[in-house]
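Participant: the following block contains a protein sequence and its predicted model.
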Amino acid sequence: MGIVRYRSALITGTALWLMCSAAPALAQDATDTDTETAAQETEAGDIVVTGQRQALATAARLKRDSDTVVDSITATDIGAFPDKSVAEALQRVPGVTVIRSAAKDDVMHYSAEPSGVVIRGLQQVRSEFNGRDSFSATSGYGLSWSDISPELMAGVDTYKNQTAEMIEGGIAGTVDLRTRKPFDQPGRVMTLSATQNYGDISQRATPDISGLFSDRWSTGIGEFGLLANAAYSQVVTRSQGITTPRIMPFAPGTYEDRMVYIPSGIGFSETDYDRKRFGIAVAGQWKSNDGSLVATAQYNRSSYKTTWVEHQLLSYWTWVDPANTNHSTVWTDPTLIQPPRAAGPTAPNGTPFTFREDGLFQTGTITNSRGGWGFGGIADWATGEYVPGSTDYLGVLPNGLPLYQPCLNTDVTTGGRPCRAGSALDIATRYSNEDRVITDAAFNLVWQATDRLMFNFDYQRVKATNYNYDITFNMRTWADIGLDLRGATPQVSLLSPSGYNTTGADWLTNPNNYTPASAMDHITDSTGQMDAFRLDGGYSFESPWLSEIRFGGRYANRQQEHQWSVYNWQSITSDWQTNPAGSVFANSGRNTIGRDGDGNPILFEGYGSPYWEVRPYGQQIFGGGVITNPNLLFIRSDILANPNETYNRFSIGGQTNEGGVASSQWNPICHRPEEIAGSCFTPGELLNVQEKTKSGYVMAKFGGNDTTLGGISVTGNIGVRYVNLSTRSEGSLIYADAFTPAETLCVPLTPEQIGQLGPGQYAISPGCLAAGSTQDQAFSTGGSLASTVENNNEYWLPSLNLRLGLGDDLFVRFAASRAISKPDIGLLKNFTQIRRGGLPQSEIRVGNPNIVLDAGGNPIAYRYAYTAQTGNPRLRPIQADQFDISIEKYDGDIGSFSVAGFYKRFRDYIQNGTFSVPVTNGGVTRDVIVTGPTSGDGASIYGFEAAFQRYFDFLPGLLSGFGVQANYTYIKNDGVKNAQLVVDTTGGSAVARSALSGMIQVDRLENLSDHSFNAMLLYEKGPIGARLAYNWRSEYVNSINDCCLGFPVWNQAEGFLDASLRIAVTPSLEFNFQGSNLLRTRIKMKSQVSGPTDVDPDREVKFLPGGQFEYDRRFQFGVRAKF
């Protein structure tokens, strides 16, 4: 009878395990889904805890019984929090932090929902749907976390170590998103919920609606189940920010007798995000009458669409050219940034700037230098006064004055000092529309062949698409900038501009004072698809020390095509270019701007009907008062939303399609002459990678609660996984340009030139050597060649997981494994453009090994050097040996306390580097020195986590409903370097600018905080459930390769407070109230303006304010009904 009970339990347990892991990740047999929040009765009549208590009890049970180190969130947790994405829920897990900026390397945009997940300081997180691969169609490798509807989740499991049966790929951790299935419920279940969202800055109300139907039926051929779950969510948020771009250090003696720091500009932004997400999850199940066969079919689809409109005020009073500067650059010219001065050659400058104790600029009115320029000569105007006759530069205002006041920096006009001018004021509108879709279809069949032998077959197809259209349009005017950085928030006054004339009483709202300055558009159009097959098996034993052998194999074929265009900035009407006089102003209409040689009129077609709007910008930013000028003129976002309209109004083609003359230099994307015919992309903007993975494993499970050694229960598993990874990256190779006739023209050196040569230099010109370099001429042909690079790597990944039971629900857990993390798809780009080095006269010298000599020792040719920047389709995955040890104490169903230490040691960590690649062309082979991603040295990361949760049931009355949940994480980076790579490129280079010489070397990994914690106050009693949650992290590096601030950008320590309240009116009806970001936390950034570099490793570290952002408090009120 005991054997019968044992086998029955075995069959039942096995079936539950396989059903709950519809994907065959057999390690996840403990992750069965939680039940509904309504109280349910067991067969014995006991009442099961519900709501938050049930969620915590389920999470504690999953953690205690798991085969490896795991932390879980149940569906109740997600539903009880004001979390609008899976990433927001994951930030409550020990060791997990989230990326709040809207995109990597872009600190100028913060959305209300996180864009990424970091586990234990690392971003190489593997994402799964029901134990299967999941990914988005981007240049990254995994999932865009905001794509997924949390309402569809039964649970989210965060695996921090591995077993042999788990799919390879996550050295940071693996996050498995589990959806519901019909056999998870005991019978028919129907739910419907509706929520209203409101943001206090956006002041928009938007809906969330979700519903679920699940039922199961017994028939003569077995039991059937069907589940359908759908969720629609719209969230509108507004974020506002102020930044100080590229702070410029000025040497002592320039302004004061110490180093001072002046921002190169000031920026304000206000962004409205409108996110719509629709997700569906459908599952059907069948179980044979004898329970030996269970089939599950699942279909999940998530559609994510976001539209955001940004309005910016940007003023750069001096341009810091990244091509000619680095983090070590110090300026010595005080005329670049000065106060305004009165007219006349001896007029003094205005009120001097003030600086605080650390040298940062504090107050002053700023103008910039425009050198000496104007029309005519000194006789054209009297000192400091405009004289008729010099009005033809760009345009004349309606009041008869020229837009630009003529100026020459002569002793007569300005005392030889540069002319002063107001700063360019760019009033920009940005429109971005992104549409991402992920579909995941899967079929799973479990066969219990005998009492001991079982098999599990699984097939999955994932398809992902991503389309993004993005455009920024600048309207430009000019102003002297009154800047005050003394308070908590910068203050700006926009004053009448020096050196420019304006018209109208309110000049900042008059289109006559603006030019349509520039446009910058961008398109992403990408797809990804994967088919995966998996077969697993298991054989059970009655031995207490060997309970089961599991084995299996998997094959996956993934294809990713990523088309990502350059951010295509071009001028339309800028003050530094020559424009038709009739095109300079924003409201320029169709007009005759001159006549050709035959006397025919030359037409400018104009910009069309009014395309601008006046917005109360100064009244809205940070509640008003930050910008003293209330109203500004912007281009309308509905114009930008229509690419055809912007093309017709502002592009070269649109302005010349009726024979007119263009002011513009802008060819929009899809109209650029260098694009591949029939597409919107150039060869360097294409990525096409195929990845095939073959893997197999064997794993032994041993022990159990009744298996003891010296009174200590022993449970665990040991195994090994084999992985064969092959990649194929298609692209192109661009050969070095052919020599021009001028380069190979042999002109002997003149006697004067020979006389100027240094010791040991040959008396032959570079042209004569080039003419003799026939091999390099054969190698340098220009043109391109289709290129395909195939790469293959294999790995053996052992793992050991051990849990020791010390009694009284006290456990010690140990885990050790070797893991790999595949490179981001974007780093595998196969596009190389070879460039030939030059040959200066100084290099034509004795001893130069590249000089080719004839038999008599005379130079006759030169072996040129060749370089390239590229991705690296031969990259190997990162390897990590990882170890975890923890002590876990459980108190009843809910209470628990755990302390865990972890250590990860890396090999082949991907970094930027230089390597040599032989390239053959024209029968000649040359070694090309390539800069790009490479597999670097090893390093390590370690730390510990502590977590505690319990309810105070021992307290009397209503107080017994209180509980707490808290966790803390400490992380230490020991030598792991930032990769300094970019995954989205428009050419060969994947190396970030931060990797160049002279740049600050930051010793902190991006998005790694040394310290982080969560503290939650809980309440659950009767029909009321509530939670108050605070999430905090210490300072961290946001970006070492920021687009806009120009230095490494750090975020100061930040904390966020959320709350929720649930009231069950009846067992079938509940109301809930949720609030997030209740403190309206202001994100504060600082620029690291000084620090160690490759040429000065002892350079002092210095931080100055970089900017600040804030976004809505969000409130939700909802109702949930169960039928």
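Facilitator: Arrived safely, thanks for sending.
Participant: all helices of the stretch 601-750 of the chain, in order?
Facilitator: Under the criterion DSSP state H, counting those that start in this stretch, helices of the stretch 601-750 of the chain are mapped to 617-620, 637-640, 643-650, 652-656.
Participant: put together a markdown table for those helices, with mean pLDDT on each row.
Facilitator: As requested, the helices of the stretch 601-750 of the chain are exported to a markdown table (pLDDT from 0 to 100):
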| stretch | mean pLDDT |
| --- | --- |
| helix 617-620 | 88 |
| helix 637-640 | 96 |
| helix 643-650 | 94 |
| helix 652-656 | 90 |
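Participant: right, and these - which one's nearest Tyr141?
Facilitator: Among the helices of the stretch 601-750 of the chain, helix 643-650 comes nearest to Tyr141, with 30.6 Å by Cβ to Cβ. Glycine gets a C-beta too; all of them are placed from N, C-alpha and C.
Participant: what residues sit buried inside the closest one?
Facilitator: Pro643, Thr646, Tyr647, Asn648, Arg649, Phe650 (16 or more other Cβ atoms under 10 Å).
Participant: now do it: everything it contacts.
Facilitator: 469, 471, 473, 516, 519, 521, 572, 607-608, 611, 639-640, 653-654, 657, 664, 666, 668, 670-671 (Cβ atoms under 8 Å, 6 or more residues apart in numbering).
Participant: pull out the buried residues from those.
Facilitator: Buried among the contacts of helix 643-650 (16+ other Cβ under 10 Å): 469, 471, 473, 516, 519, 521, 572, 607, 611, 639-640, 654, 664, 666, 668, 671.
Participant: which two in these are spaced the farthest apart?
Facilitator: Largest separation among the buried ones among the contacts of helix 643-650 by Cβ to Cβ: Tyr469 and Tyr607, giving 21.2 Å.
Participant: and the average pLDDT for stretch 63-83 is what?
Facilitator: Averaging pLDDT along stretch 63-83 yields 74.
Participant: with stretch 983-991 instead?
Facilitator: On average, stretch 983-991 scores 66.
Participant: what is the nearest of the buried ones among the contacts of helix 643-650 to Leu314?
Facilitator: Phe473 (12.4 Å).
Participant: wait, the closest one sits on Leu640?
Facilitator: Yes. With contact defined as Cβ atoms under 8 Å, Phe473 counts as touching Leu640 (5.8 Å).
Participant: mutual contacts of the two, please.
Facilitator: Thr429, Arg430, Thr646.
Participant: as a markdown table, the residues you listed with distance to Val930 would be great.
Facilitator: Putting the shared contacts of Phe473 and Leu640 into a markdown table (distance: Cβ to Cβ, whole Å) gives the following:
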| residue | distance to Val930 |
| --- | --- |
| Thr429 | 40 |
| Arg430 | 35 |
| Thr646 | 38 |
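Participant: go through the residues you listed and name the one nearest Pro877.
Facilitator: Arg430 (36.8 Å).
Participant: ok, that closest one - contacts?
Facilitator: Shown in contact with Arg430 (Cβ under 8 Å, 6+ apart): Thr271, Trp308, Val309, Glu310, His311, Gln312, Asp470, Ile471, Thr472, Phe473, Leu640.
Participant: what do you get if the cut-off is 6 Å, keeping everything else the same?
Facilitator: Glu310, Thr472 (Cβ atoms under 6 Å, 6 or more residues apart in numbering).
Participant: check which helix or strand it maps to.
Facilitator: strand 423-448 (DSSP states H and E).
Participant: buried ones in that strand?
Facilitator: 423-434, 436-440, 442-448.
Participant: what mean pLDDT does that strand get?
Facilitator: 96.
Participant: how about stretch 808-816?
Facilitator: 95.
Participant: now stretch 476-491
Facilitator: Stretch 476-491 comes out at a mean pLDDT of 94.
Participant: what do you get for stretch 137-144?
Facilitator: Here the average pLDDT along stretch 137-144 is 80.
Participant: please apply the same query to stretch 523-533.
Facilitator: Here the average pLDDT along stretch 523-533 is 97.
Participant: which other residues reach it?
Facilitator: Taking Cβ under 6 Å, 6+ apart as the rule, stretch 523-533 contacts 137, 459-469, 555-565, 669, 680.
Participant: remind me which helix or strand the residue of the chain lying at maximal distance from its centre belongs to.
Facilitator: In the chain, counting by Cα atoms, centre = their mean, Gly856 sits farthest out from the average C-alpha position, at 60.5 Å. Using DSSP H and E, Gly856 is not contained in any helix or strand.
Participant: separation between it and Ala770?
Facilitator: 20 Å (Cβ to Cβ, to the nearest Å).
Participant: repeat that for Leu546.
Facilitator: Taken as Cβ to Cβ, the span from Leu546 to Ala770 is 75 Å.
Participant: of those two, who's got more company?
Facilitator: Ala770 (22 against 14; other Cβ atoms under 10 Å).
Participant: did I read that right, that one in a helix?
Facilitator: Yes. If the criterion is DSSP: H, G, I helix; E, B strand; the rest coil, then Ala770 is within a helix.
Participant: hmm, back to that, among the shared contacts of Phe473 and Leu640, which one lies nearest to Ser726?
Facilitator: When these are compared against Ser726 (criterion: Cβ to Cβ), the nearest one is Arg430, at 41.0 Å.
Participant: and the gap between that closest one and Cys670?
Facilitator: Distance from Arg430 to Cys670, by Cβ to Cβ: 19 Å.
Participant: cool, Thr788 as well?
Facilitator: Using Cβ to Cβ, one gets 27 Å for the distance from Thr788 to Cys670.
Participant: try Thr1093
Facilitator: Taken as Cβ to Cβ, the span from Thr1093 to Cys670 is 41 Å.
Participant: repeat that for Asn300.
Facilitator: As judged by Cβ to Cβ, Asn300 and Cys670 stand 33 Å apart.
Participant: correct me, but Ser469 touches Asn433?
Facilitator: Small correction: residue 469 is Tyr, not Ser. Yes. Assessed by Cβ atoms under 6 Å, Tyr469 is found in contact with Asn433 at 5.2 Å.
Participant: report the buried residues of stretch 967-979.
Facilitator: Those buried within stretch 967-979 under the rule 16+ other Cβ under 10 Å are Asn967, Tyr968, Thr969, Tyr970, Ile971, Asn973, Val976, Lys977, Asn978, Ala979.
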